[in-house]
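[1] Structural data only, the sequence is not supplied:
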Ligand SMILES: NC(=O)c1ccc[n+]([C@@H]2O[C@H](COP(=O)([O-])OP(=O)(O)OC[C@H]3O[C@@H](n4cnc5c(N)ncnc54)[C@H](O)[C@@H]3O)[C@@H](O)[C@H]2O)c1
């Protein structure tokens, strides 16, 4: 039976054995992160840093956590979503690696924010977010906007002096952000002049969103839908809302499995791109009438709402793979329904409409790839988390020198990650000859 040397709140430490084998299985497919961990073990670049990370607690994240700890960080890990935690992995991190973890799959809002409070109580100098929930709490505290906090965090913040509240963000030398929605929220803080600490937009690194959002979300979203429903995609109409990095991946993979894919967009350039990639593009009002499966990946609110539910076919399935569970207006669906049956199958709730048509909601509208499947494959998280670890090291090296803005990941980090990933995949590429270098840097040569 596993025992723990650290404070924690996980479902059951007895799950640790299963969690450990999943962490080690994921590690096999994360050679870039492994190389960083080996160097971190020797060089200890994060030594003396207290770190709080608010991330999806998965086997891949466990390997990132091990890397940060190998680098000398004193780390606390909490969930960034109530449904994305892998309980066995959380147990193993506590029992086998002595890493304090606060995360339970299916936790309610109170437990979720009590865990965010644990991340704050750790008094971190470096933070990591997936969706900016941790940084937003720190900013509300520093601004004395305690009424904007969840009660679980508010009570704790109220016990601090004004000086201590400012220190909550003041002591942070940098915060890494993992996802598009988080970067959008942080840029909004920057615009409003309330970003009180430096942020590194790890999501915007090319080795992150080109691959993780497109191929990771693309594959795992389809995986989540299939695990939740067992449906055959071939011959079905799949509506993908949003043709951003994630949407492109989801649409591509759904088409690969034989679905007829309809894309909805609000951005004319992305809509054009979808059309020229060969997808049908239509407004949601039209797509809603014909879709068998709807997947939202916009980062926006109420993309599917009452007017759409009302015209859907009997048996339509709806789910979301965007960061927050606000893309499907589930309150409106519940308001329309004459009958609701929760859990007709694991991860599936049925809503019967006045017409007799039934709409099925998958994974309670939360990220379907993490709720019903295991999230992104390790091989793609290898790059995202390599960028996370190196961005953390870079921001610690530049402690005190970074302005309170959203910063890009340095280009050298992106290129280093891509080169090592290629190498581990056994893929070689060419390099520029001297003549080519000169040619590409000059303007004199023409027709
Ligand atoms: N499921 C996961 O594991 C995972 C992984 C990475 C990112 N995400 C999340 O997925 C979401 C999308 O990320 P992205 O990187 O693709 O962002 P993106 O900005 O590249 O794309 C979003 C697209 O949605 C479109 N859009 C916005 N509102 C819309 C609406 N009402 N109807 C139709 N289209 C609309 C935008 O025009 C844009 O093209 C974000 O919330 C991000 O945080 C989830």
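    In hand now; what should we look at? The shown structure was predicted, so the numbers you read here are calculated from the model rather than taken from an experiment.
[2] Any regions of the chain where pLDDT drops low?
    1-2 (pLDDT under 70).
[3] top helix in it by residue count?
    With residue count as the measure and DSSP state H as the assignment, the chain has helix 378-397 as its longest helix.
[4] For stretch 123-131, which outside residues touch it?
    The contact list for stretch 123-131 (Cβ atoms under 8 Å, 6 or more residues apart in numbering) reads 46, 49-56, 73, 76, 80-81, 119, 134-135, 138, 167-168, 171-179, 181-182, 185, 323-324, 388, 392, 395-396. Where C-beta positions appear, they are placed from N, C-alpha and C, glycine not excepted.
[5] which residues in the stretch 51-200 of the chain form helices?
    Along the stretch 51-200 of the chain, the stretches classed as helices by DSSP state H, counting those that start in this stretch are 59-70, 87-97, 109-121, 133-142, 151-158, 162-170, 180-191.
[6] Tell me which of those sits nearest to the ligand.
    Among these, the nearest to the ligand by Cβ to the nearest ligand atom is helix 180-191 (3.5 Å).
[7] now the angle between helix 133-142 and the closest one, please.
    20 degrees (axes from the mean of the first three to the mean of the last three Cα atoms, to 10 degrees).
[8] Quick one: the helices of the stretch 51-200 of the chain as CSV, columns for mean neighbour count too.
    Output for those, formatted as CSV (neighbours: other Cβ atoms under 10 Å):
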stretch, mean neighbour count
helix 59-70, 26
helix 87-97, 25
helix 109-121, 19
helix 133-142, 24
helix 151-158, 17
helix 162-170, 15
helix 180-191, 19
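[9] can you redo these as TSV with distance to residue 383?
    Formatted as TSV, those follow (distance: least, Cβ to Cβ, whole Å):
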stretch	distance to residue 383
helix 59-70	11
helix 87-97	20
helix 109-121	25
helix 133-142	23
helix 151-158	33
helix 162-170	29
helix 180-191	16
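[10] what would these look like in TSV with distance to the ligand?
    Converted to TSV, the helices of the stretch 51-200 of the chain look like this (distance: least, Cβ to the nearest ligand atom, whole Å):
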stretch	distance to the ligand
helix 59-70	11
helix 87-97	16
helix 109-121	17
helix 133-142	12
helix 151-158	22
helix 162-170	22
helix 180-191	4
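[11] burial count for the nearest residue to residue 357 once chain neighbours are set aside?
    The spatial neighbour of residue 357 that comes closest, neighbours along the chain excluded (Cβ to Cβ, 6 or more residues apart in numbering), is residue 314 at 4.2 Å. By other Cβ atoms under 10 Å, the residues close to residue 314 number 11.
[12] May I ask you to confirm that residue 314 is in contact with residue 352?
    No: the pair residue 314 / residue 352 is not scored as a contact, 9.6 Å apart, by Cβ atoms under 8 Å.
[13] overlap in contacts of those two?
    Joint contacts of residue 314 and residue 352 (Cβ under 8 Å, 6+ apart) are residue 358.
[14] residue contacts, the residue in the chain positioned nearest to the ligand?
    Residue nearest to the ligand within the chain (Cβ to the nearest ligand atom): residue 244, separated by 1.6 Å. By Cβ under 8 Å, 6+ apart, the residues touching residue 244 are 180, 213, 270, 297, 298, 299.
[15] Could you measure from the second one over to residue 51?
    Spelled out, that is residue 213. Distance, residue 213 to residue 51, using Cβ to Cβ, to the nearest Å: 24 Å.
[16] Just the buried ones from the contacts of stretch 123-131?
    By neighbour count, with 16 or more other Cβ atoms under 10 Å, those hold 46, 49-56, 73, 76, 80-81, 119, 134-135, 138, 168, 172-179, 181-182, 185, 323-324, 388, 392, 395-396 as buried.
[17] And the contacts of the helix or strand hosting residue 294?
    Using DSSP states H and E, residue 294 sits in strand 293-296. Residues outside strand 293-296 that contact it (Cβ under 8 Å, 6+ apart): 221, 225, 231, 233, 236-242, 250, 254, 259, 287-288, 303-304, 316-322, 327-328, 368.
[18] Can you tell me the strand partners of that strand and which way each runs?
    Take DSSP bridges as the rule and strand 293-296 pairs in its sheet with strand 237-241 (parallel), strand 316-320 (parallel).
[19] The helix or strand just after the last one - contacts with which helices or strands?
    So that's strand 316-320. Note on strand 316-320: by DSSP H and E, the next helix or strand toward the C-terminus is helix 330-336. The contact analysis (3 or more Cβ pairs under 8 Å, 6 or more residues apart in numbering; DSSP states H and E) places helix 330-336 against helix 306-309, strand 348-352, strand 358-362.
[20] before we move on, the earlier item: restrict the contacts of strand 293-296 to contacts with the ligand.
    Residues of these in contact with the ligand (Cβ under 6 Å from any ligand atom): 241, 242, 303, 321, 322.
[21] Widest-spaced pair of those residues?
    Spatial extent of these (Cβ to Cβ) is set by the pair 303 and 321 at 11.6 Å.
[22] and residue 311, what does it touch?
    Residue 311 makes contact with 285, 288, 289, according to Cβ under 8 Å, 6+ apart.
[23] And for residue 361?
    318, 319, 328, 330, 333, 348, 349, 351.
[24] Kindly indicate which of the residues you listed lies nearest residue 110.
    residue 330 (19.8 Å).
[25] shouldn't the closest one be in contact with residue 366?
    No: using Cβ under 8 Å, residue 330 makes no contact with residue 366, being 10.4 Å away.
[26] Look at the two and report which has more neighbours.
    A count of neighbours by other Cβ under 10 Å puts residue 366 above the other of residue 330 and residue 366, at 24 against 21.
[27] Tell me the residues on this protein that lie near the ligand, please.
    179-181, 209, 213, 217, 241-247, 264-267, 270, 297-300, 303, 321-323, 367, 369.
[28] quick one: which of those residues sit in helices?
    Judged by DSSP H, helices contain the following of these: 180, 181, 217, 245, 246, 247, 270, 369.
[29] and the residues you listed, which two are the farthest apart?
    270 and 369 (20.9 Å).
[30] rewinding a little: reformat the contacts of residue 311 as a markdown table; add secondary structure.
    Converted to a markdown table, the contacts of residue 311 look like this (DSSP: H, G, I helix; E, B strand; the rest coil):
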| residue | secondary structure |
| --- | --- |
| 285 | helix |
| 288 | helix |
| 289 | helix |
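[31] sorry, back to before: got a winner among the contacts of residue 244 for most neighbours?
    In terms of neighbours by other Cβ under 10 Å, the contacts of residue 244 top out with residue 297 at 32 neighbours.
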